[in-house]
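Chemist: give me a 3D structure for the following:
(one chain, ligands or ions: 2)
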Amino acid sequence: MKVMIVYSDGEPEQQTPEDYKGRNDDDNLKDVEEAIKSLNHEVIKVNADENIFQKLLELKGQVDVIYNLAEEGYKLDIHTEPHLAALFEMLGYKFTGSNYLCLANCLDKARAKQLFAVNDLPSPKFQIFSKEINGDLKLNGLNFPLIVKPGKSDGSIGIRKNSVVEDEESLKLRVNEIIQTYEQPALVEEFIDGREINVGILGNKRLTVLPMSEIIFNLPPEEWNFVPYEAKWLTKTKYYKGTVPNCPADVEPGLKAELEELAKKAYSLMGVRGYGRVDFRIDKEGKPYILEVNPNPDISRDAGLTRMITAHGMTYEELIDKILRMGINKDDQEIRIII
Ligand SMILES: Nc1ncnc2c1ncn2[C@@H]1O[C@H](COP(=O)(O)OP(=O)(O)O)[C@@H](O)[C@H]1O
Ligand SMILES: [Mg+2]
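Modeler: Numbering: from 1, shown residues only. Ligands and ions are numbered 1, 2, ... in the order given. Prediction:
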């Protein structure tokens, strides 16, 4: 079989290069390429840069499936991740992972939360600020502490250790900073203080829930337990060192069943295809909240999903093989109606 890997690489053109500092996604490409080759498939690599349009037109009909690794979009603009999937679909390519509609809905966190709400899926109470706050602040019944994030983003971009706020003054500052820096609405959510558990799922229609993974927090008491940018990418920080994943997580049967049920519902609701990860916070009373659904999550050898499939008894190569097969299954490629 001939597999085209489409990936995102290059120099970011965004105004916030600090949001790319320390990021290292090279392993993603190397690991997936090696695994596909070890399955005896031929690999063609195409970067999602200005040449991609020409290449996709040229190679049409010559590859069996696209492995979509372009999680950071066209020319490293994360907002164009859905557009690339739309392009593949438009040109008649089969491709791995989710379609444009799912990618777009999941990237837009507020929209995803509205979809959760009408489907009775719990997620933290929230409010959107589209304009900078200059005068009085009107909070619609939200209680501090709150967390402020860019409304449409991923990979903890714009989520820093000062994103959790405890008073109106800091909230205003952070909201205005997000709107100015990222030129997009700020999403303010109630901060759920408690455990953080990730649930991985494989499948298109028949879903397999993988063993869960939990972030074990080991941070100084004055810090909030959460996973800001520092914890994901800046290896020398106390946040990186103090947020270690544990998989399989030690989750009591009642909570486990509840998380599995909610994760499957959220995965299907958002129309995730192939593989995905649903992230939860659990408050001190044991109530779970969905933070987000991640279609096409990180898939390098040391990614969270890989830890989960290892705990499930599958090898990395078996995972990549399964993802390719699910990508080729045309029946599952149609757009789902999600509400
Ligand atoms: N409402 C919340 N309560 C507690 N922690 C949160 C909340 N929202 C986000 N976080 C923390 O911030 C991290 C990143 O937030 P998330 O919404 O998943 O953004 P991203 O898409 O960038 O990963 C989460 O893994 C979690 O640790
Ligand atoms: Mg996340």
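Chemist: how many neighbours does the one residue in the stretch 1-150 of the chain that gets nearest to ligand 1 have?
Modeler: Nearest to ligand 1 in the stretch 1-150 of the chain, going by C-beta to the nearest ligand atom, is residue 124, at a distance of 3.9 Å. (Each C-beta comes from the backbone N, C-alpha and C, glycine too.) Residue 124: 19 surrounding residues under other C-beta atoms under 10 Å.
Chemist: ok but it is inside a helix, no?
Modeler: No. Under the criterion used here (DSSP: H, G, I helix; E, B strand; the rest coil), residue 124 is coil, not part of a helix.
Chemist: this protein against ligand 1: which residues are in contact?
Modeler: 124, 147, 149, 153-157, 159, 189, 191-192, 196, 226-227, 279, 281, 291-292 (C-beta under 6 Å from any ligand atom).
Chemist: again, 8 Å this time
Modeler: For the chain, the contact set with ligand 1 under C-beta under 8 Å from any ligand atom comprises 109, 124, 126, 147, 149, 153-159, 163-164, 189-194, 196, 215, 224-228, 231-232, 243, 279, 281, 289, 291-292, 294.
Chemist: narrow the residues you listed to just the buried residues.
Modeler: Using 16 or more other C-beta atoms under 10 Å as the burial test, the residues of the chain next to ligand 1 include 109, 124, 126, 147, 149, 153-159, 163-164, 189-192, 194, 196, 215, 224-228, 231-232, 243, 279, 281, 289, 291-292, 294 as buried.
Chemist: in strands, which of the residues of the chain next to ligand 1 appear?
Modeler: 126, 147, 149, 164, 189-190, 194, 196, 215, 243, 279, 281, 289, 291-292, 294 (DSSP state E).
Chemist: returning to what we had before: hang on, the residue of the stretch 1-150 of the chain closest to ligand 1 packs against residue 289?
Modeler: Yes. At 5.1 Å, residue 124 counts as touching residue 289 under the criterion of C-beta atoms under 8 Å.
Chemist: what sits in contact with each of these two?
Modeler: Common contact partners of residue 124 and residue 289 (C-beta atoms under 8 Å, 6 or more residues apart in numbering): 192, 281.
Chemist: how many neighbours does residue 273 have?
Modeler: So residue 273, with other C-beta under 10 Å, has 26 neighbours.
Chemist: where does this structure have low pLDDT?
Modeler: Applying pLDDT under 70 to the chain flags residues 14-15, 17-18, 20-25, 330-339.
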